[in-house]
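Peer 1: Please find the sequence and the predicted model below.
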Amino acid sequence: MTIKGDYYEILGVERNASDEEIKKNYRKLAMQYHPDRNPGNREAEEMFKEASEAYEVLSDQQKRDIYNRYGHDGLTGAGYRGFSGFDDIFSSFGDIFGDIFGFRTGHSRSRTAAQAGSDLRYDLRISFMDAALGTTAEITVHKYVLCTSCRGSGCASGVSPEVCSRCQGRGQVTQSSGFFSISTTCPQCRGQGQVIKTPCGECSGGGKIQAAKTLQLKIPAGVESGSRLRMRGEGEEGLYGGPSGDLYVFIEVKRHDVFERKGNDVHCRVPITFVRAALGGSVEAPTLTGTEKIKIPRGTQTGHTFRLKGKGIPHLRGYGCGDQIIEIVVTIPTNLTRRQEELLKEFDRESEPQKSFFGLR
Ligand SMILES: [Zn+2]
Ligand SMILES: [Zn+2]
């Protein structure tokens, strides 16, 4: 157990120093002892941590008051634990380092910056009926998820990423040739700024593994081929706290033997005998939800349509449903018995006067 130094002394300020002075001195020290500038220097590392801790307390009026009155023990009593490591410091004071080091906020920023997960596409073929009435589909998506073994860090357990020795964590190396100096992506860490000496065995250091996930997808009534359903957050998982992508399910609707969709109306053809067409009667017509009895008036012709209001497909956005359109097809018998043939001939003779009316003779 080391005895902690006085925070004011560490930062080199008076006890009544203003916030501005405290910040200014901390910046100076942080710059001097920043691990980027002192790779492998344990003493600098300690100074950097000490200064950061002092700054954290003195820049916070509440913590500073506790420290002024009760010292280090007061802070411990109040639950203050200090920093667990560099990452902790960088995430707390990123804005200050951002000023010092330009575009980067910390030595390991380039690797630990949050990365959003990619969106994924899934193609799903469903039946006509499922599209018309809605359903719940179970789909299995193969995607990359955070490695459960290292929780995305890519390190074997007990190991932390190390600052890349080639670029000192900058992710870029500068080569001078003559009057020019050219910055390129560091070949050792590929711009990550850090290297993992002992990668996680599960994900080989990538931080992600392939996994299959089964999802329940609610398909609303009224979807059609080309409809796109979005499942928020079910795409690939983000890295380092980044948001997950979305999953887009593209719907393709199979053809139906009986029904055909036109807009939100459902069309179907219902055959009736020529006798029923001529004499009238009724017929059972198929609908999306069962059958419906249709009254056939005398003399119904082929191609005649009946409209069943609201028996079609629900509007995906909005209220109500389309209609069902029933088209009558009058069928002509092909295999006649002798008796039927006689009857038809008689029927034909009986129709002679009508033919003349049409001027066919
Ligand atoms: Zn892993
Ligand atoms: Zn490097």
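Peer 2: Yes, it's here. Ligands and ions are numbered 1, 2, ... in the order given.
Peer 1: Point out the residues in the stretch 201-350 of the chain that sit beside ligand 1.
Peer 2: E202, C203 (C-beta under 5 Å from the ion). (C-beta placed from N, C-alpha, C; glycine too.)
Peer 1: ugh, wrong one, I meant the stretch 51-200 of the chain
Peer 2: Counting by C-beta under 5 Å from the ion, the residues of the stretch 51-200 of the chain near ligand 1 are C147, S149, C150, C200.
Peer 1: State the number of residues packed around whichever residue of the stretch 251-361 of the chain sits closest to ligand 2.
Peer 2: Closest contact between the stretch 251-361 of the chain and ligand 2, by C-beta to the ion, is at I251 (46.3 Å). Using other C-beta atoms under 10 Å, I251 has 21 other residues around it.
Peer 1: Nearest spatial neighbour of it, chain-adjacent residues omitted?
Peer 2: Leaving aside its sequence neighbours, I251 sits nearest to S227 (C-beta to C-beta, 6 or more residues apart in numbering; 4.3 Å).
Peer 1: Next up, the contacts around Y7.
Peer 2: E53, A54, V57, L58, Y67 (C-beta atoms under 8 Å, 6 or more residues apart in numbering).
Peer 1: now it, nearest residue through space, not along the chain?
Peer 2: Here the residue nearest Y7, using C-beta to C-beta, 6+ apart, is A54, at 3.8 Å.
Peer 1: next one: phi and psi at the residue nearest to I251?
Peer 2: phi -60, psi 150 (degrees, to the nearest 10).
Peer 1: That one contacts E252, doesn't it?
Peer 2: No: judged on C-beta atoms under 8 Å, S227 makes no contact with E252 at a distance of 9.1 Å.
Peer 1: Neighbour count for the two, which is higher?
Peer 2: S227 (18 against 14).
Peer 1: ok, then the element right after the lowest-mean-pLDDT helix or strand in the chain?
Peer 2: When each helix and strand of the chain is scored by mean pLDDT, DSSP states H and E, helix 109-112 comes last, with a mean of 48. As assigned by DSSP states H and E, the chain's next helix or strand after helix 109-112 is strand 120-126.
Peer 1: so how far is that following strand from its chain's centroid?
Peer 2: Remark: strand 120-126 is offset 14 Å from the chain centroid, using C-alpha atoms, centre = their mean, to the nearest Å.
Peer 1: Just the buried residues of that strand, please?
Peer 2: By neighbour count with 16 or more other C-beta atoms under 10 Å, strand 120-126 contains the buried residues L120, Y122, L124, I126.
Peer 1: what packs against the helix or strand just after it?
Peer 2: Using DSSP H and E, the helix or strand that directly follows strand 120-126 along the chain is helix 128-133. Under the contact criterion of 3 or more C-beta pairs under 8 Å, 6 or more residues apart in numbering; DSSP states H and E, helix 128-133 touches strand 247-253.
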